[in-house]
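[1] This is a predicted model, with the sequence first.
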Amino acid sequence: MSTEQTSAANSFSYTLTRTLEAPAAKVWRAWTTAEQYARWAGAVAGSVEMDVRPGGAWKATMVTPDGAQFPLTGSYLEVAENSRLVIGMDVPGKPAPAVMTLELTEQDGRRTQIVLSQTCDTTDERDMAEQGSTMLLDSLSAFLAEKAGD
């Protein structure tokens with residue numbers, strides 16, 4: 001697995017790039033299938049619901065490393081199977097959702113480059129979102145490694 005991370009000190013955006021040891025279809029299923037997502041993303045079992053289509057809703061109750069739980073909701077803004085997923089995340093008190101973009105590029109049929117990017121409203125929000133996204137990609141990488149034989 002290779003990792004690249006970029007965020008500018010004067011920007012509210014970040015981009016994370018990883019090469020995962022799995023074909024794009026397997027990465028896509030891990031991110032868009034409720035049962036699989038719950039297993040690697042730190043969600044409470046049974047709390048994940050996904051209607052993966054433009055305008056479709058999603059929700060999950062996430063568990064932080066210290067055991068706290070918090071609900072997340074949102075919708076899918078763009079869906080291009082096995083290649084691009086744009087996710088809107090509802091943010092309490094804000095009129096517009098936070099938007100996260102995932103782009104998958106399969107390499108040699110066995111590996112996939114994933115590029116995850118997001119623009120936030122403040123440096124603190126960016127730093128927290130980037131930390132959370134880094135943890136998600138770490139967990140996704142471990143999950144895919146466990147499922148390598150599938």
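    Sure, I can see it. Residues are numbered from 1 along each chain as shown.
[2] rest of the way, CA atoms for contacts and neighbours
    OK.
[3] buried stuff in the helix or strand encompassing W40?
    Secondary structure assignment for W40, by DSSP states H and E: helix 34-41. Buried residues in helix 34-41, counted by 16 or more other CA atoms under 10 Å: 34-35, 37-38, 40-41.
[4] Can you name the residues that contact R29?
    Q36 (CA atoms under 8 Å, 6 or more residues apart in numbering).
[5] Help me confirm that it is found in a strand?
    No: R29: not assigned to a strand; according to DSSP: H, G, I helix; E, B strand; the rest coil it is helix.
[6] State the pLDDT value of it.
    pLDDT recorded at R29 is 97.
[7] repeat for T3
    pLDDT at T3 comes out at 52.
[8] Run through who's touching stretch 105-125.
    So stretch 105-125 is contacted by 9-24, 27, 83, 98-104, 126, 133 (CA under 8 Å, 6+ apart).
[9] I87 belongs to a strand?
    Yes: applying three-state DSSP, one finds I87 inside a strand.
[10] Now for it, how many residues are close by?
    25 (other CA atoms under 10 Å).
[11] Equivalent analysis for L140, please.
    L140 has 21 nearby residues by other CA under 10 Å.
[12] Show me where this structure has its strands.
    2-7, 13-20, 49-50, 57-63, 69-80, 84-89, 98-107, 111-119 (DSSP state E).
[13] Any stretches of this structure with poor pLDDT?
    Applying pLDDT under 70 to the chain flags residues 1-10, 148-150.
[14] residue contacts, P97?
    P97 neighbours (CA under 8 Å, 6+ apart): 74, 88-91.
[15] Buried ones among those?
    74, 88-90.
[16] Of all pairs in those, which one is the farthest apart?
    Maximum pairwise distance in the buried ones among the contacts of P97, criterion CA to CA, is 6.5 Å, between G88 and D90.
[17] which neighbours do those two share?
    74, 97-98.
[18] Save those as CSV, and put in distance to D51 too.
    Below are the shared contacts of G88 and D90 laid out as CSV (distance: CA to CA, whole Å):
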residue, distance to D51
G74, 10
P97, 17
A98, 18
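[19] quick one: which of those is nearest to L140?
    Using CA to CA, these come closest to L140 at G74, 20.2 Å.
[20] Report the beta-bridge partner residues of that closest one.
    With DSSP bridges as the criterion, G74 is bridged to W58, M89.
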